[in-house]
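the following block contains a protein sequence and its predicted model.
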Amino acid sequence: MHLTLKHFILQKRVLGLYRNVLRASRAIPDPTTRAEAVAWFRSEIERNRHLTDISAIESKIAVASREVREVLRVSG
């Protein structure tokens, strides 16, 4: 599939969110929990890799952002 500009922008948002997860995971003191959190997020990215509908991708990004904030709130 040929990426549109919007797809490219969304791809960059997902990568940015992943980088934020990696940075934020440093605050999780237990190495096993930290690795599990990063692995979970990465598996979510991989699981949704096939999506092409822009609305669905934006929705998944919003949900992931909320979940990451919630995990950080609970762990921090």
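Nice, thanks for sending it over.

from here on, contacts and neighbour counts on C-alpha atoms
OK.

got the buried residues for stretch 47-65?
Within stretch 47-65, the residues scored as buried using 16 or more other Cα atoms under 10 Å are Ile57, Lys60, Ile61, Ala64, Ser65.

list just the nearest of those to Arg26.
Ser65 (17.1 Å; Cα to Cα).

now do the contacts for the closest one.
Leu17 (Cα atoms under 8 Å, 6 or more residues apart in numbering).

gap between it and Leu5?
Distance, Ser65 to Leu5, using Cα to Cα, to the nearest Å: 22 Å.

what of Val68?
26 Å.

returning to that earlier point: the buried residues of stretch 47-65 in helices, which ones?
Taking DSSP state H as the definition of helices, those contribute Ile57, Lys60, Ile61, Ala64, Ser65.

out of these, who's nearest Val38?
Taking those together and measuring to Val38 by Cα to Cα, the closest member is Ala64, at 12.3 Å.

may I ask which helix or strand of this structure has the lowest mean pLDDT?
None of the helices or strands of the chain scores lower by mean pLDDT, DSSP states H and E than helix 54-75, at a mean of 87.

count of neighbours near Arg34?
18 (other Cα atoms under 10 Å).

surely it is in contact with Arg26?
Yes - between Arg34 and Arg26 there is a contact at 7.3 Å, judged by Cα atoms under 8 Å.

now do the residue nearest to His7 when sequence neighbours are not counted against Phe41, distance only.
Nearest non-adjacent residue to His7, counting by Cα to Cα, 6 or more residues apart in numbering: Ile54, 7.1 Å away. For Ile54, the distance to Phe41 (Cα to Cα) stands at 20 Å.
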